[in-house]
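Enquirer: Okay, here's the prediction I keep looking at, along with the sequence it came from:
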2 protein chains.
Amino acid sequence: MGKQTIDLGPLPDLIGYVLRRAQLTVFQDFFTAFAPFDIRPAQFSVLTVIERNPGLTQSQVAEALDIKRTNFVGMLDALEARGLTERRPAARDKRSYALYLTAEGAALMRRLKPVLKAHETRMIAKVGEDGRATLIALLQEIAEGRGSPNAARLKTRTIRA
Amino acid sequence: MGKQTIDLGPLPDLIGYVLRRAQLTVFQDFFTAFAPFDIRPAQFSVLTVIERNPGLTQSQVAEALDIKRTNFVGMLDALEARGLTERRPAARDKRSYALYLTAEGAALMRRLKPVLKAHETRMIAKVGEDGRATLIALLQEIAEGRGSPNAARLKTRTIRA
């Protein structure tokens, strides 16, 4: 048993390949940190959007996070079965549902705050504070497109209401 | 129908969230570009490693790309069924198989080169050449860890042989 060097060819120069590897590393840390709470990254995003914007409809939350409607319904069923979120008939449109955290969901989100902070601190330590700011800005240009109207919106998303 | 602004809270400041969105954007471009060839990103990575390192065993290729063994066997079965790769008994170890591209697999990789180049050019256009170099370096620090022995190895991976 020795060591063997494998030629990865163009892969390590491809933005997509390196992005994917970095994303898997970060998500692995997230999985480990949040495993005691049985919360995965996409679930955390959904709970965050519902917490910050109580009363949004299912389609609004799914659209804000670019989650496919079919996947989103299953995710929401699971969160609701665990008593973390609830659907109530929407005031304006009886065919759709408005989403809220339950008291238990809100309490879980409070418990997750220090877990999130510790996770993010570990990630920032890999690149430093300056590296973090540069990285986030570059990733937003990749995700939204340089000069696109979306590029400037860091904190919010505008969706069809 | 109007517009509604949704508060994403801490999400757009999280390295993992922004990484995931950027990765999905890049992969979406890859999916579209490579759809006529029915090749997805992970399949392209596997074909590249086999092309560059003919005769590696299944476990070596899977380890080099951090693909789980169970997932890898299915991927390889599919590539072999399409006549792109082949398994031959490994010289050193009769229980394992060495992997090679078929002539058809090698021809496909040649046809994919300009498709890959065009995809990467579109991604680089989002951040510029300087942005690309900075982004790749930061992503490698995230993936491998600053100061880790892996951080300097850009073109190759060393695995157990």
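Expert: Thanks, I have the structure now. Numbering: from 1, shown residues only, chains lettered A, B, ... in the order given.

Enquirer: Chain A: strands as residue ranges?
Expert: Secondary structure of chain A (DSSP state E): strands located at A:3-7, A:85-89, A:97-101, A:156-160.

Enquirer: Adding mean neighbour count, write the ones you listed out as TSV.
Expert: All C-beta spots, glycine's among them, are computed from the backbone N, C-alpha and C. Shown next, in TSV, are these (neighbours: other C-beta atoms under 10 Å in any protein chain shown):
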stretch	mean neighbour count
strand A:3-7	15
strand A:85-89	15
strand A:97-101	19
strand A:156-160	15
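
Enquirer: I'd like those strands laid out as a markdown table, including mean pLDDT.
Expert: A markdown table is the format used below for these (pLDDT from 0 to 100):
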| stretch | mean pLDDT |
| --- | --- |
| strand A:3-7 | 83 |
| strand A:85-89 | 94 |
| strand A:97-101 | 95 |
| strand A:156-160 | 64 |
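
Enquirer: Which one of these lies nearest to chain B?
Expert: Shortest distance between chain B and those, using C-beta to the nearest C-beta, is found for strand A:3-7: 3.4 Å.

Enquirer: hmm, back to that, got the strands of chain A as JSON lines, with distance to chain B columns?
Expert: Converted to JSON lines, these look like this (distance: least, C-beta to the nearest C-beta, whole Å):
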{"stretch": "strand A:3-7", "distance to chain B": "3"}
{"stretch": "strand A:85-89", "distance to chain B": "16"}
{"stretch": "strand A:97-101", "distance to chain B": "12"}
{"stretch": "strand A:156-160", "distance to chain B": "5"}
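
Enquirer: any chance of those in a markdown table, with distance to residue B:95 too?
Expert: Converted to a markdown table, those look like this (distance: least, C-beta to C-beta, whole Å):
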| stretch | distance to residue B:95 |
| --- | --- |
| strand A:3-7 | 18 |
| strand A:85-89 | 50 |
| strand A:97-101 | 53 |
| strand A:156-160 | 53 |
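
Enquirer: Minimum distance to residue B:109: which of the ones you listed has it?
Expert: strand A:3-7 (13.9 Å; C-beta to C-beta).

Enquirer: how far does that closest one sit from the chain's center?
Expert: 35 Å (C-alpha atoms, centre = their mean, to the nearest Å).

Enquirer: Tell me the strands beside that strand, with direction?
Expert: Sheet pairing for strand A:3-7, assigned by DSSP bridges, gives strand B:156-160 (antiparallel).
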